[in-house]
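J.: What would the 3D arrangement of this be:
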Amino acid sequence: MKSKTQRTCVRLLGFVVAALGSLTAAAADSAPRADAIRAAVAKSLPLLESGARISMEKRKQCFTCHNTALPVLALTAARERGFTIDEENLRQLVKFTADFLARNRTNYLAGKGQGGQALTAGYALWTLESAAWKSDATTAAVAEYLLQWQKQLEHWKVQTVRPPTEESIFTISYVALRGLKTFSTPEQRKRIDRRFEQVRTWVLKTPASSTEDRVFRLRLLRVAGATESEVRRAAQELSQLQRTDGGWAQLADMESDAYATGTALTALHQAGGVATSDAAYQRGLQWLLKAQKADGSWHVVTRSTPIQTYYESGYPHAENQFISITAASWATIALAEALPKTTHAEGKPTPAPAPKKKAAVDVPFKYGSPDEPLLEKLSLAKAAESLDRTSLAWVQQRKCGACHTTYPYLMSRMALGGEPSPAFAEVRRFFDDRTADWDANSKTNKHITRETVANAASLAVLDAQTAGKLQPLTRVALDKMWTLQRKDGAWNWPKCSWPPFEVDDYYGALLAALGVGHAPDGYAQGESARAGLGKLRAYFEKTPPPSLHHKAWLLWASLKLDGLMSNEQRKATTAELLALQRADGGWSMESLGKNWVGRESEQANPDAPSDGYGTGLVVFVLRQAGVPASHDALQRGVKWLSSNQRVSGRWFTRSMNGVEEHFISDTATAFAVLALKACE
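T.: Reported below is the predicted structural model:
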């Protein structure tokens, strides 16, 4: 029989459980339904279209940020998610923007600009970017103007004060820098790189005050290539301004409104990496849904003193129409972002954007030949340029990850130290976006398993190298990885007979182990990894490495994740690797596998000459295993690497796949960098 105290505890526990259940149900109820979000976007679009069209017709010489730029950004975002829009109206708006810039081309080349100066020019370029406009002579002229305008300052300044959109130095600096990043020319690259560095240095030391400041400071940090820790800190500062009602306010003494809420949500998602499923984002969406008027508009009261003759643009709310259509555009984008990218409502695939430059690195996508001459002296700066060039070109042109190029790049580039280059920021953003959009793409992406595992591994290694904390999207990638794991502990990996990476399932399991082992914040000890790790360890226990190459990777992974190799196995593998060093001090990739799976008919050549990948991998792994940098074998390996860099900055390695581009040389460059830095 229970005592009175026991009965009281049981009743209290029941109350707690009931209360928690109510809270959970309430939280679930507070998350807006997809159909409610879709209905809100659908109601908003006709008003945005008419407001933009009528303003264009009435102000034939005047591109505006509020009635042209922002509606176009909203319309293109909605179109990507299957909404039917007036395509001819959008085409006219984009042409109107391009024509506006073309009329001012002479002024741009003279460094004079147009009304609104860098803010207007930056928003106009953003408008063209959203519509996949190709770079041309006019956009090059605008980029030149942005380089010249206020170049004596650390940032750009607004010419008139019309809060909130035309007030913040962070806003104008963001749109200007974004325009330079998207529409730069090769001839402008060096000056743009210097401008990026100048603005990045300034923004890191400059605090924000208003919500507008914080929104665009976060965006500016991302586009300028600030570290993930700086971006995360800025995102946290913006998140902390969310009100109890779920919205954001422009200023501390104001109420929540659609402009502040829409801009905050889109910045947190697009620049801060906050998922649209995040509780704070969902509360913001709920606020926007409640604030939307019956006609589909949002009403925000202006704080700006009028400086132009009043006219009706077709958007509601009279003297508040300009800030209201701007707010509605941001609100529409924030809502649309919560929906998966899909096809047009009429069933046609969303057109892919035309290729365009996305970072201040614009070098043709070419790979060196075996006959490329050697550099006279080792240059890590040239190595960085090569890594940036090849990986940026790959994601821009191939639109995917690659085991030989982009994933090793993510694992190695920041080992060189310094601030992230614009190219690195672009590549990192590409993989963050891929991770964030998996739910939308998983059914159509036949390589979803490979991408999931490789993304998770490379991002986890990168997080360990840089911020030392697990980034939210890296956690998403790792958690997604477990959902694709087979019962035997491995993953279905491509078997294209392309050694060494795409020949067997074992390599995919190696990447998974490497990622979990490197993941900061004790991820490997967490509940989400426990079951999967048990199966993964069991897989390695019963499945021997099919090659010494894979055994070298297993050695590396075992130093980060226990239960993969015993100390005796590590010592034996170290001895095997040391024994294969060639007389010239290097190692050969081919010597690390006798019969590569899928190529049994063609024996690997154990006497193949030393190459960049074999040498870089072995030196780096041995260094991780505790072999001192002063060891004679490692010293000779470093000497080989120092003497065999090509003039492009890369280390050549012959492909075993018959590929003339020798993509494995990108991997070689990544591991050469890791090896050299590990032996400093």
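
J.: going forward, measure contacts and count neighbours with C-alpha atoms only.
T.: Noted.

J.: Who are the contact partners of the closest residue to L220 other than its chain neighbours?
T.: Of all residues not flanking L220 in the chain, Y174 sits nearest, at 4.9 Å (C-alpha to C-alpha, 6 or more residues apart in numbering). The contact partners of Y174, by C-alpha atoms under 8 Å, 6 or more residues apart in numbering, come to 216-217, 219-220, 223.

J.: Who wins on neighbours among the residues you listed?
T.: Greatest neighbour count in these, by other C-alpha atoms under 10 Å, goes to R217: 29 neighbours.

J.: okay, the strand or helix carrying that residue in PDB with CA atoms only?
T.: Assigning secondary structure by DSSP states H and E places R217 in helix 211-224. The C-alpha trace of helix 211-224 is given here as PDB (Å, rounded to 0.1, in the frame of the first residue of the first chain):
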ATOM      1  CA  THR A 211      16.700  45.900 -35.900                       C
ATOM      2  CA  GLU A 212      17.500  47.100 -39.400                       C
ATOM      3  CA  ASP A 213      21.100  47.400 -38.400                       C
ATOM      4  CA  ARG A 214      21.100  43.900 -37.000                       C
ATOM      5  CA  VAL A 215      19.300  42.300 -40.000                       C
ATOM      6  CA  PHE A 216      21.800  43.700 -42.500                       C
ATOM      7  CA  ARG A 217      24.800  43.400 -40.300                       C
ATOM      8  CA  LEU A 218      24.100  39.700 -40.200                       C
ATOM      9  CA  ARG A 219      23.700  39.600 -44.000                       C
ATOM     10  CA  LEU A 220      26.900  41.700 -44.400                       C
ATOM     11  CA  LEU A 221      28.900  39.400 -42.300                       C
ATOM     12  CA  ARG A 222      27.800  36.400 -44.400                       C
ATOM     13  CA  VAL A 223      28.500  38.000 -47.800                       C
ATOM     14  CA  ALA A 224      31.800  39.500 -46.600                       C
END
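
J.: and the next helix or strand after it, how far out from the chain's middle?
T.: Next helix or strand after helix 211-224 toward the C-terminus (DSSP H and E): helix 228-239. From the chain centre to the centre of helix 228-239 is a distance of 15 Å (C-alpha atoms, centre = their mean, to the nearest Å).

J.: Output the contacting helices and strands for the helix or strand that helix 228-239 is followed by.
T.: Going down the chain from helix 228-239, the next helix or strand is helix 258-270, by DSSP H and E. In terms of contacts (3 or more C-alpha pairs under 8 Å, 6 or more residues apart in numbering; DSSP states H and E), helix 258-270 is packed against helix 211-224, helix 228-239, helix 279-291, helix 321-337.

J.: where does the stretch 401-550 of the chain have low pLDDT?
T.: 438-446 (pLDDT under 70).

J.: if we go to 80?
T.: Filtered on pLDDT under 80, the stretch 401-550 of the chain yields the residue ranges 437-447, 467, 496-497.

J.: what ranges do the helices span in it?
T.: 406-412, 422-436, 438-441, 448-465, 472-483, 505-518, 527-542, 548-558 (DSSP state H, counting those that start in this stretch).

J.: looking at those helices, which is closest to A36?
T.: helix 438-441 (18.7 Å; C-alpha to C-alpha).

J.: What are the phi and psi values at the nearest residue to M589 once chain neighbours are set aside?
T.: By the measure of C-alpha to C-alpha, 6+ apart, the closest residue to M589 outside its immediate chain neighbours is G614, 4.1 Å from it. Note on G614: its backbone torsions stand at phi -60, psi -40 [degrees, to the nearest 10].

J.: Any figure for the gap between G614 and A675?
T.: Note on G614: its distance to A675, by C-alpha to C-alpha, to the nearest Å, is 11 Å.

J.: more crowded one of these two?
T.: A675 (28 against 24).

J.: I'd say that one and G612 touch.
T.: No. Applying C-alpha atoms under 8 Å, one finds A675 not in contact with G612, separated by 10.4 Å.

J.: R413: what's it in contact with?
T.: 384, 387, 424, 670.

J.: Return the subset of the residues you listed lying in helices.
T.: 384, 387, 424, 670 (DSSP state H).

J.: got the residues you listed as TSV, with distance to R434 columns?
T.: Below are the ones in helices among the contacts of R413 laid out as TSV (distance: C-alpha to C-alpha, whole Å):
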residue	distance to R434
A384	24
L387	20
F424	15
A670	22
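
J.: Just flag the most distant two among those residues.
T.: Across the ones in helices among the contacts of R413 (C-alpha to C-alpha), the longest gap, 13.4 Å, separates F424 and A670.

J.: circling back to that earlier point, out of the helices and strands packed on helix 258-270, flag the one nearest E502.
T.: Of the helices and strands packed on helix 258-270, nearest to E502 by C-alpha to C-alpha is helix 228-239, at 30.9 Å.

J.: Give me the distance between the two termini of stretch 392-412.
T.: Length of stretch 392-412, first residue to last, C-alpha to C-alpha: 14 Å.
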